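Q: got a predicted model here, sequence first, then my questions.
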Amino acid sequence: MMNKEFDLRKRTKDYALAIINLCSILPNNRQFNVIQNQLLRSGTSVGAQYREACRAKSDADMISKFEGALQELDETDYWLELLLDLSVNHKQTIEGLRTETNELLSIFTASVRTIKNKKNN
């Protein structure tokens, strides 16, 4: 396995664990439970999408998996943004996760662009 691939594999797993940890400290009420469930689903699926992309059968399949990860990252950012707007505790943790979300968005976007450019050349 390439070192870069391993780093992103670990990074997306660490991201999922950070999302899980955040969700475990959110208030336990109906409103937050809705956000928590959505955040858990979208935030933990990024790593799964990346792992599927690593086993892709074609460039088109890899692009599809990366684009799936991009959708999940964008959705995760939405839920994190809502948490910030609700003025909950743990703002530093949430802001850190939003930073990581945006960095992962950049990585996956660049990966899709690279694969598409390779296909067109």
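A: Nice, thanks for sending it over. All values reported here derive from a predicted model rather than from experimental measurement. Residues are numbered from 1 along each chain as shown.
Q: CA atoms for contacts and neighbours, from now on please.
A: Fine.
Q: in this structure, which spans are helices?
A: Applying DSSP state H to the chain gives helices spanning 3-24, 30-54, 59-85, 91-120.
Q: name the helices or strands packed onto the third one?
A: The helices and strands touching helix 59-85, judged by 3 or more Cα pairs under 8 Å, 6 or more residues apart in numbering; DSSP states H and E, are helix 30-54, helix 91-120.
Q: tabulate those helices (CSV), appending mean neighbour count, distance to Ile20 and mean pLDDT.
A: Shown next, in CSV, are those (neighbours: other Cα atoms under 10 Å; distance: least, Cα to Cα, whole Å; pLDDT from 0 to 100):
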stretch, mean neighbour count, distance to Ile20, mean pLDDT
helix 30-54, 18, 6, 96
helix 91-120, 15, 11, 94
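Q: can I get the ones you listed in TSV with distance to Asp7?
A: Below are the helices and strands packed on helix 59-85 laid out as TSV (distance: least, Cα to Cα, whole Å):
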stretch	distance to Asp7
helix 30-54	12
helix 91-120	12
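Q: of those helices, which is nearest Leu22?
A: helix 91-120 (7.6 Å; Cα to Cα).
Q: remind me what that closest one packs against, helices and strands.
A: Against helix 91-120 (3+ Cα pairs under 8 Å, 6+ apart) you get helix 3-24, helix 59-85.
Q: next one: Ile94 from Leu86, what distance?
A: Using Cα to Cα, to the nearest Å, we find Ile94 at a distance of 12 Å from Leu86.
Q: ok, now Glu67?
A: Separation of Glu67 from Leu86 (Cα to Cα) stands at 29 Å.
Q: ok, the two, which is more surrounded?
A: Using other Cα atoms under 10 Å as the criterion, Glu67 and Leu86 rank with Glu67 on top: 20 against 10.
Q: and that one, what is it in contact with?
A: By Cα atoms under 8 Å, 6 or more residues apart in numbering, the contact list for Glu67 reads 108-109, 112.
Q: measure it to Ser106 for me?
A: Glu67 is 12 Å from Ser106, by Cα to Cα.
Q: one more: Ile25?
A: Counting by Cα to Cα, the gap from Ile25 to Ser106 is 28 Å.
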